[in-house]
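*Asks:* whatever this is, show me its structure:
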Amino acid sequence: MKQVAAEADLVLVVGSDNSSNSNRLVEVSRNWGTASHLIDSYKDIKPVWLEGVKRIALTAGGFGAGVLGGGSCEVSGGKKDLGTWKSWK
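*Replies:* The predicted structure is shown next:
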């Protein structure tokens with residue numbers, strides 16, 4: 001997670017508020033100085049979070065990994081292409 005946070009402008013963690021794994025991922029990212037937010041779905045993404053952001057890291061804690069996928073989403077009425085996913089290892 002440290003490498004991912006260091007390379008990203010924004011980290012979005014898919015997971016539940018009561019998930020210690022998800023909250024820890026957000027905490028580690030923030031400790032590295034990277035903006036990070038815990039979300040339940042793409043509907044939770046606030047457009048202001050995306051301002052000036054060039055690289056977004058999307059990860060999940062626990063059960064959230066099953067909902068990750070490519071495609072596009074609608075953020076505040078405007079469709080945003082999610083582009084190509086890169087897998088960090």
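*Asks:* worst-scoring helix or strand of the chain, pLDDT-wise?
*Replies:* strand 72-75 (a mean of 45; mean pLDDT, DSSP states H and E).
*Asks:* low-confidence stretches in the protein?
*Replies:* 1, 62-89 (pLDDT under 70).
*Asks:* let me see the ranges of the helices in it.
*Replies:* Here the chain has its helices, by DSSP state H, at 2-7, 20-31.
*Asks:* what's the most buried one of these?
*Replies:* helix 20-31 (a mean of 17; mean count of other CB atoms under 10 Å). Yep, even glycine has a C-beta here, placed from its N, CA and C like the rest.
*Asks:* quick one: list the elements packing against that helix.
*Replies:* The elements that helix 20-31 packs onto, with contact taken as 3 or more CB pairs under 8 Å, 6 or more residues apart in numbering; DSSP states H and E, are helix 2-7, strand 10-14, strand 35-39, strand 56-60.
*Asks:* can you say which of the ones you listed is packed in most?
*Replies:* Buried most deeply of the helices and strands packed on helix 20-31, by mean count of other CB under 10 Å, is strand 10-14, with a mean of 24.
*Asks:* CA atoms of that one as PDB?
*Replies:* Extracted in PDB, the C-alpha atoms of strand 10-14 (Å, rounded to 0.1, in the frame of the first residue of the first chain):
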ATOM      1  CA  LEU A  10      -5.700   9.900  -4.700                       C
ATOM      2  CA  VAL A  11      -6.500   6.600  -3.100                       C
ATOM      3  CA  LEU A  12     -10.100   5.300  -3.000                       C
ATOM      4  CA  VAL A  13     -10.700   2.300  -0.800                       C
ATOM      5  CA  VAL A  14     -13.900   0.300  -1.400                       C
END
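*Asks:* what sits up against that strand?
*Replies:* Here strand 10-14 makes contact (CB atoms under 8 Å, 6 or more residues apart in numbering) with 4-5, 22, 25-26, 29, 34-41, 45, 49-50, 53, 55-61, 64-65, 67-68.
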